[in-house]
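Peer 1: using only what follows, build the 3D model:
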Amino acid sequence: MKYLKTYENWFTNLFKNDGINQITRDFLADMIGDGYNPLMDAAYDGNWNRFKELLPKFIKQINDIHTIYLDSGVEEYMNVLLYVVCGKGDNWEKKKMISALIENNVDVHFESNEKNFYEMIKSPKLKKWIEETYPQIISDLLLQKSIKKYNL
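Peer 2: Residues are numbered from 1 along each chain as shown. Model prediction:
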C-alpha cells in the first residue's frame, strides 16, 4: 500500500508540474497556428518570468495576430499586448510586460472590435500608470479615435 501511494503521488505531481504543462502548451501553440505563440500564452497567464525568457525568442512575432473564433460565429483578433491587458496577471506583472513590449516596438495602435489596448484596460490604477508613463502613446490613440469618429 505504501508503494501504491508513492506512485499515485508521483503520477499526480507529474500532471501538476508547470514544466510539463508548458511543454504541452508550446506544442499545442505550434500545432494551432493562426498566429498564436507561447509568448501570448505567457502574457495571458501573467507569468513575467516566462514572458521575459520568451521575449527574445519571439521578438519577430511580437506583432503577430491571433484569430479567435467564438461560438457565436464572430471572429476576434488578439496580439500580445491585448493578451497582457486582458490576461490574468496582476498590475505589477502587466506593467512590466507592457513596458517590455513598448520598448520592443509592439503595435500599440492595433484594435480588436474597434477597441485598442487602452480601452480594454479594466483596472483604474493600470490606466493611470499608462497615462503617466506613456502620455504620447495615449494622446496618439485618442487622436486616432477622434479621427475615426468624425471621419477626418
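
Peer 1: could you point out which element follows the helix-or-strand element of the chain with minimal mean pLDDT?
Peer 2: In the chain, no helix or strand scores lower on mean pLDDT, DSSP states H and E than helix 18-32, which sits at a mean of 57. Downstream of helix 18-32, the next assigned helix or strand under DSSP states H and E is helix 38-45.

Peer 1: give the buried residues for that next one.
Peer 2: Neighbour counts over helix 38-45 (16 or more other C-beta atoms under 10 Å) mark Pro38, Leu39, Met40, Asp41, Ala42, Ala43, Tyr44, Asp45 as buried. (Glycine included, C-beta is placed from N, CA and C.)

Peer 1: which residues are in contact with it?
Peer 2: Applying C-beta atoms under 8 Å, 6 or more residues apart in numbering, the contact partners of helix 38-45 are 22, 25-26, 29, 50-51, 54-55, 57-58, 61-62, 64, 66, 78-80, 83-84, 86-89, 97.

Peer 1: whichever of the residues you listed end up buried, select them in ChimeraX.
Peer 2: Here is the ChimeraX command that selects the buried residues among the contacts of helix 38-45 (16+ other C-beta under 10 Å):
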select :22,29,50,51,54,55,58,62,64,66,78,79,80,83,84,86,87,89,97
